[in-house]
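Enquirer: Quick check, what structure comes out for this input:
(2 chains)
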There are 2 protein chains.
Amino acid sequence: MKNFEFYNPTKVFFGKGETDRIGKEIKKYGKKVLLTYGGKSIKQNGLYDRVMKRLQENDLQVFELGGIQPNPRITSVRQGVEICKKEKIDIILAVGGGSVLDASKIMGIGVYYDGDPWDFMIKKAKPGHMLPLATILTLAATGSEMNHNAVINNDDTEEKLGLVDPAIFPTFSILDPENTMSVPRDQTIYGIADILAHVFEQYFHPTKEVPLQDRMAESIIKTVIETTPRLLLNLHDYDARANIMWCGTLALNHLISCGVEDDWATHDIQHELSAIYDIPHGAGLAIIFPQWMKYVLDVIPEKFAQFGERVWNIPRNGKSDRELGLAAIERTKSWFREIGAPVSLQEVGIGSDRLEEMAAKAVKRGPLGSAKKLYKEDVLAIYKMSL
Amino acid sequence: MKNFEFYNPTKVFFGKGETDRIGKEIKKYGKKVLLTYGGKSIKQNGLYDRVMKRLQENDLQVFELGGIQPNPRITSVRQGVEICKKEKIDIILAVGGGSVLDASKIMGIGVYYDGDPWDFMIKKAKPGHMLPLATILTLAATGSEMNHNAVINNDDTEEKLGLVDPAIFPTFSILDPENTMSVPRDQTIYGIADILAHVFEQYFHPTKEVPLQDRMAESIIKTVIETTPRLLLNLHDYDARANIMWCGTLALNHLISCGVEDDWATHDIQHELSAIYDIPHGAGLAIIFPQWMKYVLDVIPEKFAQFGERVWNIPRNGKSDRELGLAAIERTKSWFREIGAPVSLQEVGIGSDRLEEMAAKAVKRGPLGSAKKLYKEDVLAIYKMSL
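Expert: Below you'll find the model as predicted:
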C-alpha cells in the first residue's frame, strides 16, 4: 500500500423524499440562491416545481441559470460567475447530473477570482474558496456529488479538461433515487458505464498489498453488474435505482483509490472523443475501456485474472493469468454490448480521420496513465483498436 | 435500503513516516497543545520522543496528561478538561488507542461545558463544540480515529456508556502502521476481535436491498480473516499491520452502516463485562458474539447463510439457511479460538455469580439491538450460553 491522504467533508442525505429538505438546509447558508440546471427534464418531471416550492416556503431569493449542457461548457460557467458576483449569491444549488454539478463547482470558485474561470482548468489559477454548493443529483454517473472533481469543455479550443482540488467538494448533496426514475434508458446505460469506468480506473493498477481496496472496488463492480439487468427491465425499480446511485457515489468519492496508483488514461483518451464529437462520456468509456484493458493486459495480467475470477466467476481451469484476464476483458465488452452500450467508434459514427489529431492532443500535457505510461503512438493504437 | 445521512469530515494521513508531519499540522490550530496518552508503551517504543521532537521543532507549548487507562475512566476526562480550561489549550493531541482517543473527545467537548463531563454520557448534556482534536493511532481496533463515537467508564457507578455525536469527529488522524508494530500479541488479537465485531454489528441486520453495504462489510471481514494469521506469524509485517489498520478504520467510520438497521446489542452486553471485570473489550466481544449470533440466527437465517457462503466459503450442499448459518457461526467461534482469543467467560475468570445483575444493568435504558429486541431474560440467556 502507498501512503495516502483521505478527506471528504461532503454531507450526504440519501433516500426517498430527502428532496423536500432542500429549503430548510439551504437556508442555513444564506438568502440568495443560484439555481443551476440543464435542459427541460426537471421541468417536465416536476422536480423543478418541487424544489422551487421548498425554496420559496423558506423565503429564499432564487436566481436561475438553466441550459447547462452535457459535457458542460466554460461559457455556462462564465455566465454563472457573472450572476453570482452581480447578485451577491450566498449559495449555489445545482440540480442535475455531473455536468450541472461540475459547472457549478467551477462557478463557485470563479466567484473568488478576477480572471477567466478557464484558468483553473489549464492550471493557470489555483482555487481558493468556493461558494457553498448544494446539489440534488438526477443522474447516477459521475460521482461529482461527493468528490472534488470537475470536468469542463471549451468549444473554442476543443478541449475537455479536469480539475481535482479540495476546494470543490459540495457542501451537501441530496441523493434521492426517485429523482433518477425518469432518466431515459440510454442515459441510464451511459451512467452505468461511467460508474464502472471509474472503478476500473482505480482497480487496474500495479500496487500490491491493497486487499481491502481491491475487494471494495469489486463490491461496486459486482453490485452494478448484478443490478443493471434488473433496472433495465424496470427503469422505475426504486431499490435498483437506489443501489446504482450509491454505487455511483462510492465509485468516485476517492475511497477506493486510497493507497493505490490510479490510472485515468482511459478517461483522458475518451475526453478527446467528447471534446470533438460531443458523444456521451459514458458511451466513449464503454468503447475505449475494453481496448485499453487489452493494451495493458501484459503489464498486470494477475490483476485481470483476479478480475475474471472474482467478478465474472470465470473458472481457472488451468488458464494462465493472461488467458483468464483476456477472457474477463472479452466478458466485460460483451456485457457492455448486452446492456446496450456501444463498443466501437463506428457505432457512434466516429471514423479514422481525426485519430492522429486526438492522440496528439491527449498527450499534450504529458504521457497518460500509471499501469502503463501511454504516449501518442499508444493512444493512437487504442483508438484504432476501438474503430 | 433505508434513508440515511452520511457525514465524516475527519482528515486521514495514512502510511509509514506520516507521524513526522504532526508538528506542522498541529501548528495550523494554535500554540498550546494538550498531549494525552496511556501508559509507558509510547515512552518505551520511542513514539513519545519522536512526537515531542516534532512539536518542539514547531515551537508548540506542550502540556501533558498521561495514564489514561484502557476502558478509559471519566476521572481522566475530568483531569483533561481542567487542564484545557486552566491553560487555554488550543488543540488536543491524543497519542494512543481508542481509549485515549475517546477520553480526549469527551475532554474536547467538556471544555465548552460548565457541568461534569459524565453528563454527556448519561445524555443530561448535549455536546456543542469540541476543541480541535488530532490523533496518532497506536492500536488498530476501535475506529475512534475516524468516527464520532466515544465510550467512557465510570468506576463509581460501574457503568460503561457510549456517546455518538457529530461534534466529536477528530479533526485529523495520523494512521502510521509502524506505530502499531510493537503492540503485543494479545492486544493485537483483541483489536482484531473488536474490528470484526464492529462489522458484525452492522452486517447482521434485517434490512433488505443493501447489496453494496453487504459486500463492503464482507470485504472487511474477509481481509481481516486473510491477514490475521500472517500478522500473527510476524507482528512486524508492515503490510499486514497496514491492512488491519485500514480495516479497523473502515469498520467503524459508519460507511458500511449507511442505510441499514445496525444492531450493537453485543457491544452493550459486553460493556457490562468490562465495566465490572475490566476485561479487554475485544476479549469480551470474541466471547459474546458467537453466542449472540446463535441467539438471533432464526430471525435472519438467510443473512447467516450468506455469511457462511461468501465469507467462510462453506458449500451449500443442500443445507438449509439455518444449517449453513449455524456452520458459519461455529466456524467464526473456532476462528477466534485459533487466533488465540477467548471464547468463554470461564477463560477470562468470570463465573455465574453476577450475570443477573449485569443483565439487568444492560437493559437499564431499554431493550437492546435491532435484529432481535433483547430484554433482560435474553441478555441473561446469552451470558449463560457464554459461560
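Enquirer: give me the number of residues near A:Phe169?
Expert: By other C-beta atoms under 10 Å in any protein chain shown, the residues close to A:Phe169 number 23. Yep, even glycine has a C-beta here, placed from its N, CA and C like the rest.
Enquirer: and what of the one 3 residues further on?
Expert: Residues lying near A:Phe172 (other C-beta under 10 Å) number 24.
Enquirer: I'd like the domain boundaries of chain A, if you could list them.
Expert: A:11-180, A:185-385 (automatic domain parsing).
Enquirer: Can you convert the ones you listed into TSV and add a column each for mean pLDDT and distance to chain B?
Expert: Below are the domains of chain A laid out as TSV (pLDDT from 0 to 100; distance: least, C-beta to the nearest C-beta, whole Å):
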stretch	mean pLDDT	distance to chain B
domain A:11-180	97	3
domain A:185-385	97	3
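Enquirer: what about stretch A:333-340, distance to the chain center?
Expert: On the basis of C-alpha atoms, centre = their mean, to the nearest Å, stretch A:333-340 sits 20 Å off its chain's mean C-alpha point.
Enquirer: before we move on, what about stretch A:272-279?
Expert: That offset, for stretch A:272-279, works out to 15 Å (C-alpha atoms, centre = their mean).
Enquirer: Report the buried residues of it.
Expert: A:272-277, A:279 (16 or more other C-beta atoms under 10 Å in any protein chain shown).
Enquirer: what's the most distant pair in these?
Expert: A:Glu272 and A:Ile279 (10.8 Å; C-beta to C-beta).
Enquirer: Can you pull the phi/psi pair for A:Val33?
Expert: phi -120, psi 130 (degrees, to the nearest 10).
Enquirer: who does it bridge with?
Expert: A:Val33 has these beta-bridge partners by DSSP bridges: A:Val62, A:Ile91.
Enquirer: So it sits against A:Leu93, correct?
Expert: Yes. Between A:Val33 and A:Leu93 a contact is recorded at 5.3 Å, counting by C-beta atoms under 8 Å.
Enquirer: all strands for the stretch 51-200 of chain A, in order.
Expert: A:61-65, A:91-96, A:133-137, A:149-154, A:159-164, A:172-175 (DSSP state E, counting those that start in this stretch).
Enquirer: Check which helices and strands the last one sits against.
Expert: Counting contacts by 3 or more C-beta pairs under 8 Å, 6 or more residues apart in numbering or on different chains; DSSP states H and E, the secondary-structure elements packed against strand A:172-175 are strand A:4-14, helix A:22-27, strand A:133-137, helix A:238-251.
Enquirer: rerun at 10 Å
Expert: When contacts are defined as 3 or more C-beta pairs under 10 Å, 6 or more residues apart in numbering or on different chains; DSSP states H and E, strand A:172-175 packs onto strand A:4-14, helix A:22-27, strand A:91-96, strand A:133-137, helix A:238-251, strand B:4-14.
Enquirer: Relative to A:Gly80, which of the ones you listed is closest?
Expert: strand A:91-96 (7.4 Å).
Enquirer: roughly how far is that closest one from the heart of the chain?
Expert: For strand A:91-96, the distance to the chain centre is 17 Å (C-alpha atoms, centre = their mean).
Enquirer: by how many degrees do that strand and strand A:61-65 diverge?
Expert: 50 degrees (axes from the mean of the first three to the mean of the last three C-alpha atoms, to 10 degrees).
Enquirer: Name the residues of strand A:91-96 that are buried.
Expert: Neighbour-count burial for strand A:91-96 [16+ other C-beta under 10 Å]: A:91-96.
Enquirer: Filter the buried residues of stretch A:272-279 down to the ones in helices?
Expert: A:272-277 (DSSP state H).
Enquirer: Just give me the closest of the residues you listed to B:Glu261.
Expert: A:Ser274 (42.1 Å).
Enquirer: Correct me if wrong: that closest one contacts A:Ile287.
Expert: No. Contact criterion C-beta atoms under 10 Å: A:Ser274 and A:Ile287 do not qualify, at 11.3 Å.
Enquirer: re earlier: please name whichever of the strands of the stretch 51-200 of chain A is nearest to B:Pro315.
Expert: strand A:172-175 (37.9 Å).
Enquirer: roughly how far out does that closest one sit from the chain middle?
Expert: Worked out by C-alpha atoms, centre = their mean, strand A:172-175 lies 16 Å from the chain centre.
Enquirer: Let's see that strand as CSV, backbone CA atoms only.
Expert: Extracted in CSV, the C-alpha atoms of strand A:172-175 (Å, rounded to 0.1, in the frame of the first residue of the first chain):
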residue,chain,number,x,y,z
PHE,A,172,-24.0,18.8,0.9
SER,A,173,-25.8,16.6,-1.6
ILE,A,174,-29.2,15.2,-1.7
LEU,A,175,-29.3,11.7,-3.3
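Enquirer: In space, what's closest to A:Ile329 - neighbours in sequence excluded?
Expert: The shortest distance from A:Ile329 to any non-neighbouring residue, by C-beta to C-beta, 6 or more residues apart in numbering or on different chains, is to A:Met293 (4.5 Å).
Enquirer: show me the contacts for that neighbour.
Expert: The contact partners of A:Met293, taken as C-beta atoms under 10 Å, 6 or more residues apart in numbering or on different chains, are A:200, A:204, A:266, A:304, A:307, A:325-326, A:328-330, A:332-333, A:371.
Enquirer: mind listing which of the residues you listed are in helices?
Expert: A:200, A:266, A:304, A:307, A:325-326, A:328-330, A:332-333.
Enquirer: In contact with the closest residue to A:Lys303 other than its chain neighbours: list those residues for me.
Expert: Computed as C-beta to C-beta, 6+ apart, the closest residue to A:Lys303 that is not its neighbour in sequence is A:Phe204, at 5.9 Å. Taking C-beta under 10 Å, 6+ apart, we find A:Phe204 in contact with A:217, A:260, A:262-263, A:265-266, A:289, A:292-293, A:296-297, A:299-300, A:303-304, A:307, A:325, A:369-372.
Enquirer: Make sure I have this right: A:Glu323 is in a helix.
Expert: Yes. The assignment for A:Glu323 by DSSP: H, G, I helix; E, B strand; the rest coil puts it in a helix.
Enquirer: And it, how far from A:Glu309?
Expert: As defined by C-beta to C-beta, to the nearest Å, A:Glu323 lies at a distance of 12 Å from A:Glu309.
Enquirer: Need the residues touching each of these two.
Expert: Joint contacts of A:Glu323 and A:Glu309 (C-beta under 10 Å, 6+ apart) are A:Arg316.
Enquirer: how about the strand or helix carrying A:Lys361 as PDB, C-alpha atoms only?
Expert: Using DSSP states H and E, A:Lys361 maps to helix A:355-362. Extracted in PDB, the C-alpha atoms of helix A:355-362 (Å, rounded to 0.1, in the frame of the first residue of the first chain):
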ATOM      1  CA  LEU A 355      -7.500   9.900 -34.600                       C
ATOM      2  CA  GLU A 356      -4.000  11.200 -35.100                       C
ATOM      3  CA  GLU A 357      -5.000  14.700 -34.000                       C
ATOM      4  CA  MET A 358      -6.900  13.300 -31.000                       C
ATOM      5  CA  ALA A 359      -3.900  11.100 -29.900                       C
ATOM      6  CA  ALA A 360      -1.600  14.100 -30.100                       C
ATOM      7  CA  LYS A 361      -4.000  16.300 -28.100                       C
ATOM      8  CA  ALA A 362      -4.500  13.600 -25.500                       C
END
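Enquirer: quick one: contacts of that helix?
Expert: With C-beta under 10 Å, 6+ apart as the test, helix A:355-362 has contacts from A:157-160, A:265, A:268-273, A:275-277, A:345, A:350, A:354, A:368, A:374-384, A:386-387.
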